[in-house]
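In: compute the structure for the input listed below.
(3 chains)
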Amino acid sequence: MGAFLALGLFQGAVYGLLAVGIVLVYKAKRVFNFAQGEFGGVAAFTAYAIVVGTGLPYWAGVLGGLAAAVATGLIVERAIVRPLESSSRTIMLVALVGVALFTIAIIVLVGQPIPRVMPPLVDGGGVNILGAGILPQQLILMAVLAVLAAAMAWFFKTDLGLAVLASSQDTRAAQVVGISPIAVSRLVWGMAALLGGIAGLLYAPVGIFTPGFMTLTMLVPAFAAAVLGGMTSLPGAFIGGLAIGVVQNLGIYYLGQQLKVPGAAELGVFALLMLVLLIRPQGLLGGAN
Amino acid sequence: MRLRTTLALLAGALLVLPACGQFDGVHDDFLAQGGENPGLGGGDGTSADDASSGADGTDASGDGGGSGGDNTGDGGGGGGGGNDNGNAGNGDTTGVTADTITIGIHAPLTGAAPLKQASFETGKDLYWQYGNGGKPVVIHGRTVETVFADDQYRPSTARQVCQTMAEEQQAFALIGAGGTDQIQACAQYAASEDVPYLSTGVTETGMGSLDTYFAASMTYKQQTPMLTDYIKNELGVTDASKVAAVVTNTPNFDDAVEGFTGAFDGVDVFRPDKNERGSSAAGNLCTGTAKNYDVVFVLTSPTFYLEMAAASGCRPQFVGVGVSMGLDQVASTGCSAAGSTEGARFFNPTPAFADAGEYDPDFLAAVDAAGIEADDVTWMMWGQSKVLHQMLEKAGEALDRGAFMDAVAGQKFSTGVFPDLNYAGGPFGATQVSVLRNVCDGGGHYETDHAFVNGF
Amino acid sequence: MATATMVLTRVKVQRRFGLALRVTAVIALLALAALPLLLGGDVWAQRISRAAIYAVIGLSINTLTGHAGQISLGHQAFVGIGAFAAAFTASRLGAPLGFGLAAAAAAGALTAAVIGLVALRVTGLYLALVTLAFGLTAETTIFNWREFTGGGAGALAPRPTLLASDHAFALLCLGVLALVLYLDWRLVSTKTGRALTALRNNERIAATLGVNTTGYKLAAFSLSGLIAGLAGGLFAHWNQIVQAMDFEFQVALVWVLMTVVGGLRSRLGVILASALFALLPLTLPNFLSSLPWQPPFLNEAVYHVLPPFIVVVMLLIVLRCFPGGFGQLLRPATRWLSTGSARTPRTGTGGRT
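Out: Okay, the predicted model is just below:
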């Protein structure tokens, strides 16, 4: 029981990290970024190719991975997002689903679709937290999540962040006062890709990674986390992520193992999502922002 | 209003449809037959009666292997419900020409649990092209050609590609290389069209009554009681409270779980869902670095197992059955995750690839002759092809699907790569397994602990 | 006078000739499409059934996304529930096929209505999220519920004797497709269709015009679920067996993609794209590996990984270059076939060469 709580908390940190990127894009562009997970996928596979494939030092892999993620983000922005700026949000969502599937297809074509292991940042055995063995990597992940959520929240208080918000509320007016919508768009997608890349790099060494590992199992809980947090709140994304992780694992423990209900983790996420949308559609910490 | 009219029309049409879709109580028979296609047209009433009595075991059409042992007369093997072409030597020579036999193989290359594409590319023809001392295998004057299809890890696709291979590409027989649900779906198709089908042993659910199906290795249900003996006698763990089973929550693994709990009373069973993360299951196995269980029986996707092993800081002894767990890829990935799978033991159809030369020197010779880089997938395909070769040999020169099934049902085969087979008691004819041990030294791989044992 | 009459006659003759030409063209195209069914044997009959089932699913998504402007990323749940309902009716209750299909459609509609009642209280993109999460839940919870889905060997859905042959079943699938096509066509030309258009264009304005937005959205959602359930029923009988593994959430994403590639609100485009998406993975690898010339850097194994890649590339090209999808590309042809004029977008004037 305690072990499930701890596992959920640290699993939730990954959801939170993805959710921060999702919230960033939503805040700035009112778009559901379905490709957020695959920025992490690109980063993880590039870093793996550099570190394990060519034997270069770890920092080179990290830099290469993040660079690849940001490059992907900028390409997506230029090739898909900006040309579709004027189409409906539904079409934009479908396009981003396409981007995610495209990235997975490329990874499958280039690398074999086999499970891989990324060496962790810090070696060493697990720490016992509430009876669960938590890897040092997961502790780092949690810390990075807290720092990034705080940093993003702070970012939207800076002049640059305010410019992004202004552009999202009224592009024309923002342009009049000298805020270029193109520059804002590039900045937002680049940052989102960087966040996704960090999530992928930190999460890949925790378990085993396969093509699509961020999208296929992480993305839906991450979206649920963002919604739970209010979709525009960065501290909300942090708390939402942890909450979803805990709900999933408690669902597995109570529903799955005690009551033998199949699909307890998904059921938990779905129920929580519905509950939030019905009772408090603005989320836990959503509201004015 | 018009919408409502249209909806009413639609509903009306749906209710009229029943009139043209009456069953003659065929569905009961259908269930008894384990999913075989009921007879076409004509004398449906009588053939349905035939088939249901066959399912009781009184008629040769019920279970090809079961009755074929001592009675190789007409109706054995190719009986197929006794509708269209139930005679021995049924004249169905699809895929057989004067000098070739075509074989169809399906495996997942894309989808949720894909196998390496390149291994299949090189492995599917290796035996047939180089299995005869570096030269092509010749069976009664015919060489063997293969066609291949990706089943995308989806049962409906598997059935579809099997039909394509058997009917459009004219494959004489089909081989399933991996994936329980896909093998089951394809086997059910093959039985409905009287196409011979050979696969590694997986579930027994819905497969026992398929009279064209032959398992080339032990099924999960057959292996699990053996596994309990292995745990008790070889690993020395007799206390059920120190043993856990982690088995994916799919109905097709229910028989494996029953087999295990039936032989080992009181073990804890966890049934994670297929989308769950392996790390969640680790919370059951360990409290920090303290073991909750000494031995853990795993029957999940390889990715799940690897994640669970990586997250289990207490390093319990993992054991298991099945095909995909015994792949060197799994051992190597597990070892690179801090050696988390070191010492894990899995039952496997073949001995380890590392020892292939010891059990079949021809394999290495063929690999040399072909100039390819072999791996354990190639090795597994080699073994399965070899089983099929012996079956085709036994079917004789006047080869057709009926003759093939008659020749295989009730017979014994021995390849030295796959277990010895004896189909006297039905389609699940294997009685041996090999035990592989995960060794991390020198790049993760498997080594053979026991080869071809019948029990522990 | 005389000249005027002559001109009139000539116009009439031309118009008649044009009409005859167009009817011939339509018949020829249909005959061409029917060729594989007539000549291809059981394999092609099964492929055509699959294409028709995909087309019905495409039209189901078209109803929701094309007409009502809502999105569902969990359509595999409705299709799957329909499939298992049909299988349950056929194999457990022993009811005839028609009841099974009716049960499938009803199950799909009911599920969609229940989900819609809750989900449509949230707006726009949240619906995508709710349906996505529901799809995952259905896949792991409902489809793994052994009493309903039949356990072990999957749920069996035997065909009745009349439809036992693959050809007969393909005809049934095409018949259902025609029915759904008719339904879609009727839907657009009614008050409901106009209300949905208003809704799609601007929900707030629609509401001020007195359109019951939630009611119409719910209706569109339920209708989409009904059609999806019906497709599921056909899917169950297509292989005569269904398994939970057939309804993974990636499938739902591909279905949405195929509808968009076909072109929202373009019936012909949706049908063509659906058929393409259904058949590409089954036919392309064999076709490529049978070509006489093989590029050195590709091999047979790569061909099998190619189809998912191709469909996504198609989506991105469609979105960038012709957002109307196949429908947009085909518009000149379809316009000529329906009105006789390739260029004039004017409607209701009839044949002018």
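In: residue C:323 - nearest residue in space that isn't next to it in sequence?
Out: residue A:87 (6.5 Å; Cβ to Cβ, 6 or more residues apart in numbering or on different chains). Glycine gets a C-beta too; all of them are placed from N, C-alpha and C.
In: name the SS class of that neighbour, please.
Out: coil (DSSP: H, G, I helix; E, B strand; the rest coil).
In: wait, it sits on residue C:320?
Out: No - here residue A:87 does not reach residue C:320: they are 10.7 Å apart, not a contact under Cβ atoms under 8 Å.
In: isn't residue A:198 up against residue A:66?
Out: Yes - counting by Cβ under 8 Å, residue A:198 sits close enough to residue A:66 to count as a contact (7.1 Å).
In: any common contacting residues for those two?
Out: Residues within reach of residue A:198 and of residue A:66 at once, by Cβ atoms under 8 Å, 6 or more residues apart in numbering or on different chains, are residue A:43.
In: now do stretch C:80-92: distance to the chain's middle.
Out: In terms of Cα atoms, centre = their mean, to the nearest Å, the centre of stretch C:80-92 is found 20 Å from the chain centre.
In: list the buried residues of it.
Out: C:80-91 (16 or more other Cβ atoms under 10 Å in any protein chain shown).
In: least confident secondary structure element in chain A?
Out: The helix or strand of chain A with the poorest confidence is strand A:132-134; it has a mean of 77 (mean pLDDT, DSSP states H and E).
In: excluding covalently adjacent residues, which one is nearest to the residue of the stretch 301-450 of chain B found nearest chain A?
Out: In the stretch 301-450 of chain B, no residue comes nearer to chain A than residue B:313, which is 3.2 Å away by Cβ to the nearest Cβ. Leaving aside its sequence neighbours, residue B:313 sits nearest to residue A:133 (Cβ to Cβ, 6+ apart; 3.2 Å).
In: same check, this time on residue C:93
Out: residue C:99 (8.0 Å).
In: that neighbour looks like it's in a helix, true?
Out: Yes - counting by three-state DSSP, residue C:99 falls inside a helix.
In: ok, the residue nearest to residue C:323 to chain B distance?
Out: 28 Å (Cβ to the nearest Cβ, to the nearest Å).
In: and for that residue, the neighbour number?
Out: 13 (other Cβ atoms under 10 Å in any protein chain shown).
In: which strands or helices does the helix or strand containing residue C:177 pack on?
Out: If you go by DSSP states H and E, residue C:177 is part of helix C:166-188. Judged by 3 or more Cβ pairs under 8 Å, 6 or more residues apart in numbering or on different chains; DSSP states H and E, the packing partners of helix C:166-188 are helix B:2-16, helix C:41-61, helix C:213-239, helix C:267-289.
In: burial count for residue 270?
Out: You didn't pick a chain, so chain A it is. 24.
In: hmm, no, I was thinking of chain B.
Out: Residue B:270: 20 neighbours (other Cβ under 10 Å).
In: check residue C:119 and give its pLDDT.
Out: Among the per-residue scores, residue C:119 shows a pLDDT of 77.
In: what sits against it?
Out: So residue C:119 contacts A:274, A:277, C:126-127, C:130-131, C:134, C:221 (Cβ under 8 Å, 6+ apart).
In: at 7 Å what do you get?
Out: C:127, C:130-131 (Cβ atoms under 7 Å, 6 or more residues apart in numbering or on different chains).
In: ok, so of the residues you listed, who is nearest chain A?
Out: residue C:130 (6.5 Å).
In: phi first, then psi, for the residue of the stretch 201-350 of chain B found nearest chain C.
Out: Residue of the stretch 201-350 of chain B nearest chain C, by Cβ to the nearest Cβ: residue B:206 (2.8 Å). Phi and psi for residue B:206, reported as degrees, to the nearest 10, are phi 70, psi 10.
In: wait, it touches residue B:184, no?
Out: Yes - counting by Cβ atoms under 7 Å, residue B:184 is a contact partner of residue B:206 at 6.2 Å.
In: contacts for the helix or strand containing residue C:135?
Out: For residue C:135, the host element (DSSP H and E) is helix C:125-140. With Cβ under 7 Å, 6+ apart as the test, helix C:125-140 has contacts from A:32, A:89, A:93, A:220, A:223-224, A:227, A:262-263, A:266-267, A:269-270, A:273-274, A:277, B:273, B:275, C:70-74, C:76-77, C:80-81, C:115, C:119-120, C:122, C:244, C:247-249, C:252.
In: please apply the same query to stretch B:133-143.
Out: By Cβ under 7 Å, 6+ apart, stretch B:133-143 touches B:99-101, B:127-129, B:131-132, B:144, B:362, B:365-366, B:369, B:389, B:392-393, B:396-397.
In: got the domain ranges for chain B?
Out: B:100-218+B:354-431, B:221-349+B:435-453 (automatic domain parsing).
In: for the stretch 101-250 of chain C, what lies in contact range of chain B?
Out: C:101-102, C:105, C:140, C:144, C:146, C:151-154, C:156, C:158, C:160-165, C:179, C:183, C:186-187, C:190, C:192, C:239-241, C:243, C:245-246 (Cβ under 7 Å from any Cβ of the partner chain).
In: out of the helices and strands packed on helix C:166-188, deepest packed?
Out: Of all those, helix C:213-239 has the most neighbours on average by mean count of other Cβ atoms under 10 Å in any protein chain shown, namely a mean of 27.
In: and that helix with helix C:125-140, angle?
Out: For helix C:213-239 against helix C:125-140, the angle by axes from the mean of the first three to the mean of the last three Cα atoms, to 10 degrees is 30 degrees.
In: ok, then the element right after helix C:213-239?
Out: In N-to-C order, the element after helix C:213-239 by DSSP H and E is strand C:241-242.
In: centroid residue for chain B?
Out: residue B:200 (3.5 Å; Cα atoms, centre = their mean).
In: how about it, what does it touch?
Out: So residue B:200 contacts B:216-217, B:323, B:349 (Cβ under 7 Å, 6+ apart).
In: farthest-separated two in those?
Out: Among the contacts of residue B:200, the pair separated by the greatest distance (Cβ to Cβ) is B:216 and B:323, at 10.5 Å.
In: low-confidence stretches in chain C?
Out: Segments of chain C classed as low confidence (criterion: pLDDT under 70) are C:1-12, C:123, C:150-153, C:296-301, C:341-353.
In: can we see that at 80?
Out: Filtered on pLDDT under 80, chain C yields the residue ranges C:1-16, C:33-34, C:40, C:119-125, C:147, C:149-154, C:289, C:292-305, C:338-353.
In: only the C-alpha atoms, please, for whichever helix or strand residue B:448 is part of, written as CSV.
Out: Here residue B:448 sits within strand B:445-453, counting by DSSP H and E. Once non-C-alpha atoms are left out, strand B:445-453 reads as follows in CSV (Å, rounded to 0.1, in the frame of the first residue of the first chain):
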residue,chain,number,x,y,z
HIS,B,445,22.3,-13.8,-23.3
TYR,B,446,20.8,-17.1,-22.4
GLU,B,447,22.6,-20.4,-21.8
THR,B,448,21.2,-23.9,-21.6
ASP,B,449,20.7,-25.3,-18.1
HIS,B,450,18.7,-28.3,-19.2
ALA,B,451,17.9,-29.5,-22.7
PHE,B,452,14.8,-31.5,-23.6
VAL,B,453,13.7,-32.7,-20.1
